[in-house]
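Participant: Provide a 3D model corresponding to the input given below.
(chains A and B)
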Amino acid sequence: DVKVTQSSRYLVKRTGEKVFLECVQDMDHENMFWYRQDPGLGLRLIYFSYDVKMKEKGDIPEGYSVSREKKERFSLILESASTNQTSMYLCASRYGGNYGYTFGSGTRLTVV
Amino acid sequence: LAKTTQPISMDSYEGQEVNITCSHNNIATNDYITWYQQFPSQGPRFIIQGYKTKVTNEVASLFIPADRKSSTLSLPRVSLSDTAVYYCLVALGNGAGNMLTFGGGTRLMVKP
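Facilitator: Numbering: from 1, shown residues only, chains lettered A, B, ... in the order given. Purely as a prediction, here's the structure:
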(Lines give C-alpha, C1' and ligand atoms only; values in the text may rest on other atoms or scores of the structure.)
Protein backbone atom coordinates (compact mmCIF):
# COMPACT_ATOMS: atom_id res chain seq x y z
CA ASP A 1 0.00 0.00 0.00
CA VAL A 2 1.06 3.55 -0.68
CA LYS A 3 1.94 5.34 2.47
CA VAL A 4 1.88 9.07 3.01
CA THR A 5 3.50 10.10 6.26
CA GLN A 6 3.12 13.47 7.90
CA SER A 7 5.80 14.19 10.45
CA SER A 8 3.55 15.42 13.25
CA ARG A 9 -0.03 14.68 14.31
CA TYR A 10 -0.28 17.70 16.58
CA LEU A 11 1.67 20.96 16.68
CA VAL A 12 1.35 24.09 18.77
CA LYS A 13 3.20 27.17 17.56
CA ARG A 14 3.31 30.81 18.50
CA THR A 15 2.19 33.68 16.30
CA GLY A 16 5.02 34.84 14.08
CA GLU A 17 6.95 31.58 14.16
CA LYS A 18 8.12 29.93 10.97
CA VAL A 19 6.50 26.52 10.74
CA PHE A 20 7.48 23.54 8.62
CA LEU A 21 5.07 20.70 7.92
CA GLU A 22 6.72 17.70 6.34
CA CYS A 23 5.18 15.03 4.15
CA VAL A 24 6.82 11.93 2.70
CA GLN A 25 5.36 9.34 0.31
CA ASP A 26 6.92 6.00 -0.50
CA MET A 27 5.49 5.05 -3.90
CA ASP A 28 7.27 7.31 -6.33
CA HIS A 29 4.15 9.40 -6.99
CA GLU A 30 4.59 12.39 -9.24
CA ASN A 31 1.90 14.59 -7.74
CA MET A 32 1.75 15.83 -4.17
CA PHE A 33 -0.73 18.19 -2.54
CA TRP A 34 -1.32 20.19 0.61
CA TYR A 35 -4.84 20.84 1.80
CA ARG A 36 -6.25 22.46 4.89
CA GLN A 37 -9.51 21.40 6.38
CA ASP A 38 -11.71 23.55 8.55
CA PRO A 39 -15.17 22.86 9.97
CA GLY A 40 -17.86 23.74 7.46
CA LEU A 41 -15.37 24.52 4.70
CA GLY A 42 -14.31 21.07 3.57
CA LEU A 43 -10.86 20.55 2.07
CA ARG A 44 -9.22 23.51 0.43
CA LEU A 45 -6.17 23.17 -1.77
CA ILE A 46 -3.17 25.27 -0.71
CA TYR A 47 -0.43 24.18 -3.10
CA PHE A 48 0.42 21.22 -5.25
CA SER A 49 3.44 19.92 -7.07
CA TYR A 50 3.60 17.70 -10.14
CA ASP A 51 7.36 17.23 -10.18
CA VAL A 52 10.50 17.95 -8.24
CA LYS A 53 11.10 21.69 -7.84
CA MET A 54 7.73 22.39 -9.48
CA LYS A 55 4.86 23.99 -7.59
CA GLU A 56 1.48 25.45 -8.38
CA LYS A 57 -0.82 27.59 -6.27
CA GLY A 58 -4.11 26.14 -5.22
CA ASP A 59 -7.17 27.99 -4.00
CA ILE A 60 -5.70 29.53 -0.83
CA PRO A 61 -1.91 29.95 -1.13
CA GLU A 62 -1.63 33.24 0.78
CA GLY A 63 0.60 32.95 3.83
CA TYR A 64 2.08 29.64 2.70
CA SER A 65 4.96 28.42 0.59
CA VAL A 66 6.14 24.95 -0.37
CA SER A 67 9.30 23.10 -1.19
CA ARG A 68 9.85 19.95 -3.19
CA GLU A 69 13.54 19.18 -3.45
CA LYS A 70 13.06 15.41 -3.70
CA LYS A 71 10.26 13.47 -5.33
CA GLU A 72 9.16 11.77 -2.14
CA ARG A 73 9.05 14.86 0.08
CA PHE A 74 6.76 17.88 -0.05
CA SER A 75 7.04 20.52 2.65
CA LEU A 76 4.53 23.19 3.56
CA ILE A 77 5.97 26.34 5.11
CA LEU A 78 4.14 28.96 7.11
CA GLU A 79 6.51 31.90 6.89
CA SER A 80 4.99 33.74 9.86
CA ALA A 81 2.26 31.75 11.54
CA SER A 82 -0.97 33.50 12.39
CA THR A 83 -3.95 32.39 14.44
CA ASN A 84 -6.13 32.09 11.34
CA GLN A 85 -3.81 29.32 10.16
CA THR A 86 -4.95 27.10 13.00
CA SER A 87 -6.34 24.12 11.10
CA MET A 88 -5.99 20.48 10.12
CA TYR A 89 -3.41 20.14 7.36
CA LEU A 90 -3.58 17.16 5.03
CA CYS A 91 -0.92 16.00 2.61
CA ALA A 92 -1.81 13.76 -0.32
CA SER A 93 -0.03 12.13 -3.21
CA ARG A 94 -1.20 10.69 -6.49
CA TYR A 95 0.42 8.91 -9.40
CA GLY A 96 -1.09 11.23 -11.98
CA GLY A 97 -4.06 11.93 -14.23
CA ASN A 98 -7.25 10.44 -12.86
CA TYR A 99 -5.74 8.13 -10.29
CA GLY A 100 -7.04 8.41 -6.75
CA TYR A 101 -5.36 10.29 -3.94
CA THR A 102 -3.67 8.76 -0.93
CA PHE A 103 -3.83 11.00 2.10
CA GLY A 104 -1.71 11.23 5.19
CA SER A 105 -3.25 11.18 8.66
CA GLY A 106 -3.10 14.95 8.98
CA THR A 107 -1.38 17.48 11.21
CA ARG A 108 -3.54 19.48 13.55
CA LEU A 109 -1.80 22.83 13.93
CA THR A 110 -2.73 25.31 16.62
CA VAL A 111 -1.26 28.80 16.47
CA VAL A 112 -1.49 30.70 19.74
CA LEU B 1 -14.94 26.64 -12.11
CA ALA B 2 -17.37 23.75 -11.98
CA LYS B 3 -18.14 22.21 -8.62
CA THR B 4 -19.83 19.22 -7.10
CA THR B 5 -22.97 19.39 -5.02
CA GLN B 6 -23.86 16.86 -2.34
CA PRO B 7 -26.35 16.81 0.53
CA ILE B 8 -24.80 18.22 3.66
CA SER B 9 -25.93 15.36 5.86
CA MET B 10 -27.87 12.10 5.91
CA ASP B 11 -29.12 9.81 8.63
CA SER B 12 -29.59 6.08 8.39
CA TYR B 13 -29.99 2.97 10.56
CA GLU B 14 -27.81 -0.08 10.80
CA GLY B 15 -28.50 -2.64 8.12
CA GLN B 16 -30.04 -0.19 5.66
CA GLU B 17 -28.74 0.64 2.21
CA VAL B 18 -27.57 4.24 1.88
CA ASN B 19 -27.42 6.14 -1.38
CA ILE B 20 -25.58 9.45 -1.60
CA THR B 21 -25.97 11.44 -4.80
CA CYS B 22 -23.52 13.99 -6.14
CA SER B 23 -24.26 16.49 -8.90
CA HIS B 24 -21.49 17.49 -11.28
CA ASN B 25 -23.16 19.22 -14.20
CA ASN B 26 -19.95 20.50 -15.79
CA ILE B 27 -18.04 17.23 -15.80
CA ALA B 28 -15.54 17.04 -18.66
CA THR B 29 -15.26 14.20 -21.13
CA ASN B 30 -12.09 12.77 -19.61
CA ASP B 31 -13.01 13.25 -15.95
CA TYR B 32 -13.45 10.34 -13.57
CA ILE B 33 -15.65 10.37 -10.49
CA THR B 34 -14.08 9.33 -7.22
CA TRP B 35 -15.55 8.96 -3.75
CA TYR B 36 -13.66 9.25 -0.48
CA GLN B 37 -14.55 8.47 3.12
CA GLN B 38 -13.21 10.47 6.05
CA PHE B 39 -13.36 9.70 9.75
CA PRO B 40 -12.67 12.37 12.39
CA SER B 41 -8.99 13.27 12.77
CA GLN B 42 -7.98 11.17 9.79
CA GLY B 43 -7.25 11.86 6.15
CA PRO B 44 -9.81 10.91 3.49
CA ARG B 45 -9.66 7.34 2.24
CA PHE B 46 -10.36 6.23 -1.33
CA ILE B 47 -13.57 4.20 -1.66
CA ILE B 48 -14.41 3.81 -5.33
CA GLN B 49 -13.87 5.38 -8.73
CA GLY B 50 -15.81 5.19 -11.99
CA TYR B 51 -16.26 6.73 -15.41
CA LYS B 52 -19.69 5.54 -16.53
CA THR B 53 -22.44 2.99 -15.81
CA LYS B 54 -21.80 0.94 -12.68
CA VAL B 55 -18.74 0.02 -10.67
CA THR B 56 -18.76 -2.30 -7.67
CA ASN B 57 -16.11 -3.28 -5.18
CA GLU B 58 -16.11 -4.95 -1.78
CA VAL B 59 -17.11 -1.72 -0.05
CA ALA B 60 -19.57 0.09 -2.28
CA SER B 61 -21.20 0.53 -5.67
CA LEU B 62 -21.09 3.60 -7.85
CA PHE B 63 -23.87 4.35 -10.31
CA ILE B 64 -23.28 6.86 -13.09
CA PRO B 65 -26.04 7.69 -15.61
CA ALA B 66 -25.37 8.08 -19.29
CA ASP B 67 -25.12 11.88 -19.16
CA ARG B 68 -22.60 11.64 -16.28
CA LYS B 69 -23.97 14.80 -14.69
CA SER B 70 -24.49 13.01 -11.40
CA SER B 71 -23.34 9.92 -9.58
CA THR B 72 -24.65 7.87 -6.68
CA LEU B 73 -22.57 6.12 -4.09
CA SER B 74 -24.40 3.11 -2.68
CA LEU B 75 -23.37 1.59 0.65
CA PRO B 76 -25.08 -1.75 1.26
CA ARG B 77 -26.19 -2.64 4.78
CA VAL B 78 -24.41 0.14 6.66
CA SER B 79 -23.05 -0.33 10.15
CA LEU B 80 -22.21 2.16 12.90
CA SER B 81 -18.62 2.23 11.66
CA ASP B 82 -19.76 3.72 8.35
CA THR B 83 -20.54 6.97 10.15
CA ALA B 84 -18.22 9.39 8.37
CA VAL B 85 -18.06 12.21 5.85
CA TYR B 86 -18.22 11.14 2.22
CA TYR B 87 -16.71 13.28 -0.52
CA CYS B 88 -17.51 13.14 -4.19
CA LEU B 89 -14.61 14.29 -6.33
CA VAL B 90 -14.50 14.99 -10.05
CA ALA B 91 -11.33 15.90 -11.88
CA LEU B 92 -11.75 19.64 -12.37
CA GLY B 93 -9.34 22.41 -13.18
CA ASN B 94 -6.63 22.28 -15.82
CA GLY B 95 -6.40 19.81 -18.64
CA ALA B 96 -3.81 17.67 -16.89
CA GLY B 97 -6.29 17.02 -14.10
CA ASN B 98 -3.68 17.77 -11.51
CA MET B 99 -5.65 20.22 -9.42
CA LEU B 100 -8.72 18.64 -7.92
CA THR B 101 -11.20 20.46 -5.76
CA PHE B 102 -13.19 18.75 -3.04
CA GLY B 103 -16.78 19.72 -2.35
CA GLY B 104 -18.22 20.05 1.12
CA GLY B 105 -18.95 16.37 1.60
CA THR B 106 -21.94 14.51 3.05
CA ARG B 107 -21.94 13.72 6.74
CA LEU B 108 -23.53 10.29 7.17
CA MET B 109 -24.78 9.33 10.61
CA VAL B 110 -25.66 5.68 11.11
CA LYS B 111 -27.83 5.02 14.13
CA PRO B 112 -28.38 1.75 15.98
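
Participant: ok, B:Asn30 - how many residues close by?
Facilitator: For B:Asn30, the count of nearby residues is 11 (other Cβ atoms under 10 Å in any protein chain shown). C-beta here means a position set from N, CA and C on the backbone, and glycine is covered the same way.

Participant: I'd guessed it sits against B:Val90; true?
Facilitator: No: counting by Cβ atoms under 8 Å, B:Asn30 stays clear of B:Val90, with 10.9 Å between them.

Participant: surely A:Tyr89 meets A:Arg36?
Facilitator: Yes: at 5.4 Å, A:Tyr89 counts as touching A:Arg36 under the criterion of Cβ under 8 Å.

Participant: Can you show me the strands along chain A?
Facilitator: With DSSP state E, the ranges of strands along chain A come out as A:4-6, A:10-13, A:19-21, A:23-25, A:31-38, A:42-49, A:56-57, A:64-70, A:73-78, A:87-94, A:102-103, A:107-111.

Participant: Packing partners of the third one?
Facilitator: Okay, so that is strand A:19-21. Contact partners of strand A:19-21 among helices and strands, from 3 or more Cβ pairs under 8 Å, 6 or more residues apart in numbering or on different chains; DSSP states H and E: strand A:10-13, strand A:73-78, strand A:107-111.

Participant: can you tell if the second one touches chain B?
Facilitator: No: using Cβ under 8 Å from any Cβ of the partner chain, strand A:73-78 never reaches chain B; the gap is at least 13.4 Å.

Participant: what does that strand rub up against?
Facilitator: A:13, A:17-25, A:32-34, A:46-47, A:49, A:63-68, A:85, A:89, A:91, A:93 (Cβ atoms under 8 Å, 6 or more residues apart in numbering or on different chains).

Participant: coming back round to it: for B:Thr72, which of the strands of chain A is the nearest?
Facilitator: Comparison of the strands of chain A against B:Thr72 by Cβ to Cβ identifies strand A:42-49 as nearest, at 19.8 Å.

Participant: what angle sits between the closest one and strand A:87-94?
Facilitator: If you take axes from the mean of the first three to the mean of the last three Cα atoms, to 10 degrees, strand A:42-49 sits at 50 degrees to strand A:87-94.

Participant: Could you tell me which other helices and strands strand A:42-49 packs against?
Facilitator: Applying 3+ Cβ pairs under 8 Å, 6+ apart, one finds that strand A:42-49 makes contact with strand A:31-38, strand A:56-57, strand A:64-70, strand A:73-78.
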